[in-house]
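Q: Structure, please.
(chains A and B)
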Amino acid sequence: GPKVLQIPSHQIIDMGQMVTLNCDPVSNHLYFYWYKQILGQQMEFLVNFYNGKVMEKSKLFKDQFSVERPDGSYFTLKIQPTALEDSAVYFCASSGGLGGAETLYFGSGTRLTVL
Amino acid sequence: GEQVEQRPPHLSVREGDSAVIICTYTDPNSYYFFWYKQEPGAGLQLLMKVFSSTEINEGQGFTVLLNKKDKQLSLNLTAAHPGDSAVYFCAVPQSCSAGNKLTFGIGTRVLVRP
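A: All right, here's what the predicted structure looks like:
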């Protein structure tokens, strides 16, 4: 089936530094998402993105977070500066359309550890 | 907003036995539901998409039942085999959002023992 690739699979970083998580979505998809899963907790919506703009974001999407997809390359999540509570697995997803019936295709996640 | 409870968090079954995972949701306006399977080191793989008008949905080696009255969605693995060992997530789109915001269950780690 369609594949979403996330790079890297693991990232360890010191608190206060910047980190960029990369996502290669399904090739003809137009809608992109980030979800966050803290260990032992539910996966939670962070943000969705379409046509170069954030459509919706949750309260977890702090001011230190930003997303972009420059020129059709990777869809990225940047955190600057990082904090200890940013340690989690971040899942990228993409879909071909919008609406409750659309299937989101997920990557395998990037495990971020902030020391 | 939508809340989803999933149980059990862990499930150990013998090969050939059946297993049931249950998700309870809160929004009566929910009309689509998803089950995802995550094998070790892999992404979430769509197992089944369920529309609210269909109460019984059959896949290969599993059945998904939707009980709208009790707002419950269940994944029934029949004759489990080692390839079924994975983490299973239910997910429900938030009906108040047009932006594909999914509310996930906490996941069920299934281990199928030989």
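
Q: average pLDDT for stretch A:97-108?
A: Confidence for stretch A:97-108, expressed as mean pLDDT, is 85.

Q: try stretch A:15-33
A: Averaging pLDDT along stretch A:15-33 gives 95.

Q: From the chain's centroid, how far away is it?
A: A distance of 5 Å separates the centroid of the chain from that of stretch A:15-33, by CA atoms, centre = their mean, to the nearest Å.

Q: what about it, start to end distance?
A: Using CA to CA, to the nearest Å, the end-to-end distance of stretch A:15-33 comes to 24 Å.

Q: Then stretch A:19-36?
A: Counting by CA to CA, you get 15 Å between the two ends of stretch A:19-36.

Q: touching chain B at all, it?
A: Yes - when contact is scored as CB under 8 Å from any CB of the partner chain, part of stretch A:19-36 falls within range of chain B: A:Tyr31, A:Tyr33, A:Tyr35. To be clear about C-beta, it is placed using only N, CA and C from the backbone, and glycine gets the same treatment.

Q: Can you name every helix or strand that the host helix or strand of B:Val50 contacts?
A: Element membership for B:Val50, per DSSP states H and E: strand B:44-51. Packed against strand B:44-51 by the contact rule (3 or more CB pairs under 8 Å, 6 or more residues apart in numbering or on different chains; DSSP states H and E) you find strand B:32-38, strand B:62-67.

Q: Just say which of these is most tucked in.
A: Mean neighbour count, computed with mean count of other CB atoms under 10 Å in any protein chain shown, is highest for strand B:32-38 among the helices and strands packed on strand B:44-51, reaching a mean of 22.

Q: Leaving out the residues flanking it, which one is nearest to B:Tyr88?
A: Nearest-residue entry for B:Tyr88: B:Thr108, 4.9 Å, with adjacent residues in sequence omitted and distances by CB to CB, 6 or more residues apart in numbering or on different chains.

Q: The one you found touches B:Arg7, doesn't it?
A: Yes - checked against CB atoms under 8 Å, the pair B:Thr108 and B:Arg7 is within contact range at 7.5 Å.

Q: which neighbours do the two share?
A: Any residue near both B:Thr108 and B:Arg7 by CB atoms under 8 Å, 6 or more residues apart in numbering or on different chains counts here, and that gives B:Ile21.
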